[in-house]
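Novice: next input, structure requested:
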Amino acid sequence: MDLNLFELHQLISETTTLLRRLIDANISIHLKPFEGPAWIKGDSGQLQQVIMNLALNARDAMPQGGQLTFETRQVELRETEIGNRRQMEPGPHIQLSVRDTGSGIATDSMDKIFDAFYTTKEIGKGTGLGLAVANSIIVNHRGHIDVHSVPGKGSEFRILLPASSEAVSYDAIPNRKYLRGDGSVLVVDDDDQVLTVCKETLGKLGYEVSTAGLPSEALELFGRKQFDLVMIDIQMPERDGTELAAELLLLEQGIHILFMTGFTTKEKIDWITNRLRLPYIFKPFTIHQLATAVRLAMG
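Specialist: Here you go, the predicted model:
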């Protein structure tokens, strides 16, 4: 894990700037930070990934609109409050609450919500890995995440993270600048959420982006337009992503390809890297990870 000292309120502000472009106007975003800085030591990219995942899940729970609120407060965690959360230590913590006014979570799903491959979404709309990955990231940061929800009235995810005692000036933290670029990119994935994030993010970074939900749609677009890079999900309907890549390479040997995967076998990854010698990126990815992977893949 890449540890760095960062200010949580700044990270939330940067993330919500992007979210306002990904979330419909009928969902209002509210920030309620406590007064003063919220210093955290950890991997800011991974924690941004957690915030994005929670926010996009909240968006999906509010198809008719609603409110999405990010609130922070300072918490002094006592020894008696730790319980079986052995990764945690008593002392000052920062609590981040991500609250929505959506459909809520069914009571019988609450105990399984952080389990890998468990999802309440329709088939094909979610991998069931997002919250499991989020939980793993928070635990690795010696923190804790839980959820409070009332069906029909919304959900609130609460994240506890150790507050850093290191005194740092705001001027000591460099601005996070994402890698801009140019060129045309085709994103192929059967997950609409991934297509939306890639199109919006890469578009803002200077790329011309087209999307396809199926390999057949990708081949049709590829036959009508020239692309500098094709991003391909490995596991899709119709055919495997590696099969689609092979077809595209037959049509144009010089095309750049970047694979995406949320879950695949070690054998498949070894085959991609050693046999095909093509790059890949794991989902869910942060804005910075996506921008960097695309720049590197395009050479």
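
Novice: where in the protein is pLDDT low?
Specialist: For the chain, the stretches with pLDDT under 70 are 1-2, 116-129, 166-178, 262-277, 284.

Novice: what pairs with the lengthiest strand in it, parallel or antiparallel?
Specialist: In the chain, taking DSSP state E as the definition, the longest strand is strand 66-77. Here strand 66-77 is paired, per DSSP bridges, with strand 27-32 (parallel), strand 91-100 (antiparallel).

Novice: what about the last one, distance to the chain center?
Specialist: Mean C-alpha position of strand 91-100 versus that of the full chain (CA atoms, centre = their mean, to the nearest Å) differs by 19 Å.

Novice: what is the burial count for Ala163?
Specialist: Neighbour count for Ala163, taken as other CB atoms under 10 Å: 21. Backbone N, C-alpha and C define where each C-beta goes, glycine included.

Novice: quick check: closest non-adjacent residue to Ser97.
Specialist: Using CB to CB, 6 or more residues apart in numbering and skipping residues adjacent in sequence, the residue nearest Ser97 is Glu71, 4.5 Å away.

Novice: for the one you found, give its distance to Leu8.
Specialist: Computed as CB to CB, to the nearest Å, the Glu71 to Leu8 distance reads 12 Å.

Novice: now His144
Specialist: From His144 to Leu8 the distance is 16 Å (CB to CB).

Novice: could you check which of the two is surrounded by more residues?
Specialist: Leu8 (24 against 20).

Novice: excluding chain neighbours, give the residue nearest to that one in space.
Specialist: Ala38 (4.0 Å).

Novice: re the thing from before, enumerate every residue touching the residue nearest to Ser97.
Specialist: Leu31, Lys32, Pro33, Leu96, Ser97, Arg99 (CB atoms under 8 Å, 6 or more residues apart in numbering).

Novice: just the buried ones out of these, please.
Specialist: Buried members of the contacts of Glu71, counted by 16 or more other CB atoms under 10 Å: Pro33, Leu96, Ser97, Arg99.

Novice: count of residues packed around the closest residue to Gly299 other than its chain neighbours?
Specialist: The shortest distance from Gly299 to any residue other than its chain neighbours is 6.6 Å, reached at His256 (CB to CB, 6+ apart). When neighbours are defined as other CB under 10 Å, His256 has 19 of them.

Novice: residues contacting His256?
Specialist: Asp228, Leu229, Val230, Ala297, Met298, Gly299.

Novice: all set now, cheers.
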